[in-house]
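Undergrad: return atomic coordinates for the entry below.
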Amino acid sequence: MASIDIIFVLDASGSMQPLISDTVGGFNAFIDNQRREPGDAYVTLATFDTAYRERFAAVPIAQLAPLTAEQYFGGHGGRTALLDAVGKAVTNYELLPVKADKTMFVIDTDGFENASVDWTSERVKALIERHQAAGWAFVFLGAGESQWQGRTLGTGAVGGYVASPAGMRAKYDKLAENTSAVRAAPGPAAEAAASRSWDTTEAAT
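TA: The predicted model follows:
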């Protein structure tokens, strides 16, 4: 099985505060699931509100310690600089010296862009589309109506979810299922991700 880099860009703005434990639990359950899959996987986590924090980069999944609430939400709770976070995450990844066979970005937000200063939607869309054409997968997961931002940015895979404890469990369960499929697929990650359904709104109701 091909190796994969999984890069998370997780919203940690103020509206996510009621879901801190559900986010942490879902993320850790996802990591446990993917750790059992064959093949190498490397995980990067970036969290954002108005500030952007890269918590760790390209850590082998076998060596990854459980995420804590402080590691996810510490220093956050502000507004939503989504465009800046995505732009920084992609350009930071471009600088890494070692790349896996496949790359998958998971962009997750419960709200709307309202605070970016460095990146515009046009620049982020161009960045995403260039790398998708090279085979990288971009998955945009948005709570409720916020998922439309993924379509605006041109991500090949878009899914909605419910911002509730049940909704978070459904989202991470679907993410684990689809990530396994992307890892196992013979073709590019972008193609495999685009062929899957990522929406979990009905599963959480």
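
Undergrad: surely Ser146 is in contact with Asn114?
TA: No: the pair Ser146 and Asn114 fails to qualify as a contact (C-beta atoms under 8 Å) at a distance of 11.1 Å. Backbone N, C-alpha and C define where each C-beta goes, glycine included.

Undergrad: more neighbours: these two, which one.
TA: Shown here are Ser146 and Asn114; by other C-beta atoms under 10 Å, Ser146 has more neighbours (22 against 11).

Undergrad: in this protein, which helix has the most residues?
TA: helix 165-184 (DSSP state H).

Undergrad: residues in contact with whichever helix or strand comes after that helix: which ones?
TA: Following helix 165-184 in sequence order, the next helix or strand is helix 189-194 (DSSP states H and E). By C-beta atoms under 8 Å, 6 or more residues apart in numbering, the residues outside helix 189-194 that reach it are 4, 102-104, 132-133, 135-139, 156-157, 178, 181-182, 185.

Undergrad: just want the most central residue of this structure.
TA: With distances taken as C-alpha atoms, centre = their mean, Val106 lies nearest the centre of the chain, 2.0 Å away.

Undergrad: in this protein, what spans have low per-residue confidence?
TA: In the prediction, the chain carries residues with pLDDT under 70 at positions 204-205.

Undergrad: residue boundaries of the helices in it?
TA: When secondary structure is read from DSSP H, the chain shows helices at 20-35, 69-73, 82-94, 121-133, 148-153, 165-184, 189-194.
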